[in-house]
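just a sequence and a predicted model for now, questions to come.
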Amino acid sequence: MLKEILMMALDNIIGNKMRSFLTMLGIMIGVTSIIALITVVQGVTGEVIDRFSEMGAGKVTVQAYGTALKAGLNENDIADLSAIEYVSGVSPTVSLGSTAVRNNKIFEDISVEGNNEIYFENNQDMVIQGRPLNIYDMSGYSNVCIIDENIADELFWGENPINKQMYLSGQNYTVVGLMESETNFYRQNVGRVKIPYKNALSLNAAANIMNIEIYLYDANETQAANYEIENVLNAAFNYAEDSFNIVNFESILSSMQEMQSMLTAMLTGIASIALLVGGVGIMNMMLVSVTERTTEIGLRKALGAEPRQIQYQFVIEAVLLSLLGGLFGALFGLLISYIASAAMDTKFALSPTAIALGLGFSALVGIVFGWAPARKASRLKPIDALRSE
Amino acid sequence: MSETVVDMVKIIKNYQIADQEIHVLKEIHLQIKQGEFIAVLGPSGSGKSTLMNIIGCLDTPTSGEYFLAGRKIQDQNEKTMARIRNTEIGFIFQSFHLLARQTALRNVELPLIYAGYKQKERRAMAEAMLEQVGLADRSSHFPNQLSGGQQQRVAIARALINNPTILLADEPTGALDQKTGIQVLELFHEINSRGRTIIMITHDAGIAKQAKRIVNIIDGIVSEGGLNIA
Ligand SMILES: Nc1ncnc2c1ncn2[C@@H]1O[C@H](COP(=O)(O)OP(=O)(O)O)[C@@H](O)[C@H]1O
Ligand SMILES: [Mg+2]
């Protein structure tokens, strides 16, 4: 029976090609915009999120502001952080200022950062020439450094600086690596040097560890790790308020994802208005159709059609019309998002959710807006209907 | 051959228009037996179609009792009425009422769809029935590709397809010229000779004469017109 009713509905849609197409157009536009919007938004934000999580997954960054009694973290605190069970490695940054000297040439106001081997392992791309600092450099007696291109230009005059000597805060250092200079927006010729972490502490005993990156074994344990880290830091700063800040990428990531789904929901909501307008179009066409086919409805009833069968016929016709519009809309939407993602150079992700949503919505619109006309048809009295001609 | 298929007792049908009541059928008593070929003859507006609609279960009387094939028809729900129309009645209308976008074959199949037959069975039954009315070679034609007489024969095939108790025809020759009208009536005779009950409604005494029995209806009152041995 369902097959027959489907055939009848299809017959009528095909029999009124132009009208059916115009009616479908509204749904088509609605579904096209829903699918295009969702896939484009998800493509763009998905890419941002991907890059972000590549950068920061399984990593917690601590900024220690310190208190009046204790300006930053010390080696004991680092040891405590390293001891946390979820932590695979801790990479502190000891910051201090210094002056570099070579052959009577002087570079002042250099920012020196002491790091350990874990830092360099996790920042493989940093060294553009020479080698990064490794675990053998960390003994505290190895005076090696990595300089940036500004210092290389200023002190080495275009010579290859690798394996050459220079003085840093009066101590002789061997340059083993070169890194890119960072432009600072108020000081152009900023100089940066990286040295082993223990060397930095011995250069300035009062140097404080303000910045620590903590690497985790498993990014899924970020929350638990976060809790432990907080405990250690609270103890270190004696529970003083605003003495530190923990930035964890998981929470940034989840708020980005939240933003993405909010954006998607909002745009879908706006695009759904087009779908509603399309639904009204379907209702209009179905009402006209019922009026036009009153005699047919009467005849079908005289031949034995039950009210329910008439109702199904018209509801299915509306749903079919709407779904057909939805299907074309989905195709168009995917085409548009494919072109858009090619133009914006983002990843084209075929979103099954978007397609299911588009088709589901259009079927729903068909049922909702086809219901009243179909009910009207099913309630026609056969004699009145037959007499109407 | 003496089973009563239509039994009407004191059937009254009134229509309410504004605050005026129109009495269309006035205490009608009518018995029709299995195998009869009966004509209901009356002038326009006398209530013939109203009577036919009640016999055909398209409408219900204001009061009175109606038994169709022994079953009392009263206050049945729409679904049951649909079933009865589907299995007990074969309708033939003055204006044929064929679906314009369906072939002759599909038109004949229509009652079988609502009776729940499978496509294959439907096709075979409809083809056989079209052959019986002499239209075997026209099964894939659309109504507008057929003459009036051929269209009415498609409608007759459709009316007979579910093997109904009664063939109910309202002015079946009204839209046909005399020659094709006579052909349709010949087909009726043939169908009746195989035992099918036929109730034919007409305002034309000449056509009514073709039936075996005539019932006159004037102003909603029925009177026996006698038997024809034509
Ligand atoms: N639905 C209706 N409402 C009001 N009056 C009706 C209705 N149907 C039929 N009538 C009236 O009943 C009378 C009989 O109509 P009908 O049975 O169609 O006559 P016939 O078929 O004999 O020409 C007519 O006067 C007609 O106006
Ligand atoms: Mg009439």
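Nice, thanks for sending it over. Numbers count the residues shown, from 1 in each chain, chains lettered A, B, ... in the order given. Ligands and ions are numbered 1, 2, ... in the order given.

against which helices or strands is the helix or strand hosting A:Ile383 packed?
Taking DSSP states H and E as the definition, A:Ile383 sits inside helix A:382-387. With contacts taken as 3 or more Cβ pairs under 8 Å, 6 or more residues apart in numbering or on different chains; DSSP states H and E, helix A:382-387 sits against helix A:294-302. C-beta here means a position set from N, CA and C on the backbone, and glycine is covered the same way.

name the residue closest to the centre of chain A, please.
A:Ile49 (2.7 Å; Cα atoms, centre = their mean).

quick check: closest non-adjacent residue to that one.
Spatially, and ignoring its direct neighbours in sequence, A:Ile49 is nearest to A:Met256 (5.5 Å; Cβ to Cβ, 6 or more residues apart in numbering or on different chains).

do the same with A:Thr174
A:Val144 (5.3 Å).

kindly list the longest helix within the chain.
Using chain A. With residue count as the measure and DSSP state H as the assignment, chain A has helix A:249-292 as its longest helix.

not quite, I wanted chain B
From DSSP H, the single longest helix across chain B is helix B:178-193.

residues of that helix that come out buried?
In terms of neighbour count (16 or more other Cβ atoms under 10 Å in any protein chain shown), helix B:178-193 has its buried residues at B:Thr180, B:Gly181, B:Gln183, B:Val184, B:Leu185, B:Leu187, B:Phe188, B:Ile191, B:Asn192.

with stretch A:147-159 instead?
Neighbour counts over stretch A:147-159 (16+ other Cβ under 10 Å) mark A:Ile147, A:Asp148, A:Glu149, A:Asn150, A:Ile151, A:Ala152, A:Glu154, A:Leu155, A:Phe156 as buried.

what's the answer for stretch B:45-53, then?
B:Ser46, B:Gly47, B:Lys48, B:Ser49, B:Thr50, B:Leu51, B:Met52, B:Asn53.

do stretch B:11-20 as well
B:Ile11, B:Lys13.

OK, contacts around A:Ala274?
Neighbour list for A:Ala274: A:Gly26, A:Ile29, A:Gly30, A:Ser33 [criterion: Cβ atoms under 8 Å, 6 or more residues apart in numbering or on different chains].

same thing but 10 Å
A:Gly26, A:Ile27, A:Met28, A:Ile29, A:Gly30, A:Val31, A:Thr32, A:Ser33, A:Ile34, A:Gly329 (Cβ atoms under 10 Å, 6 or more residues apart in numbering or on different chains).

show me these that map onto strands.
Among the contacts of A:Ala274, DSSP state E puts none in strands.

who does the most centrally placed residue in chain B form a beta bridge with?
Taking Cα atoms, centre = their mean as the criterion, B:Leu168 is the residue nearest the geometric centre of chain B, at 1.2 Å. Listed beta-bridge partners, B:Leu168: B:Phe91, B:Ile199 (assigned using DSSP bridges).

one step back: ok, residues contacting the helix holding A:Ile383?
A:293-303, A:305, A:310, A:377, A:380-381, B:49-50, B:52-54, B:56-59, B:78, B:81-82, B:85, B:91, B:93, B:95, B:97, B:170.

so which helix or strand of chain B has the lowest pLDDT on average?
strand B:221-227 (a mean of 82; mean pLDDT, DSSP states H and E).

that one vs ligand 1: in contact?
No - using Cβ under 6 Å from any ligand atom, strand B:221-227 stays clear of ligand 1, with a minimum separation of 11.9 Å.

ok, that strand: who's next to it in the sheet?
strand B:213-218 (antiparallel).

C-alpha coordinates for the strand it pairs with, CSV please?
Extracted C-alpha coordinates of strand B:213-218, given in CSV (Å, rounded to 0.1, in the frame of the first residue of the first chain):
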residue,chain,number,x,y,z
ARG,B,213,-37.8,-3.5,-13.7
ILE,B,214,-38.6,0.2,-13.5
VAL,B,215,-39.1,2.2,-10.3
ASN,B,216,-40.5,5.7,-10.7
ILE,B,217,-39.4,8.5,-8.4
ILE,B,218,-41.2,11.8,-8.4
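
just the buried residues of it, please?
B:Arg213, B:Ile214, B:Val215, B:Asn216, B:Ile217.

so where do the strands sit in chain B?
Using DSSP E, strands in chain B cover B:4-17, B:20-33, B:37-41, B:63-68, B:71-72, B:89-92, B:166-170, B:197-202, B:213-218, B:221-227.
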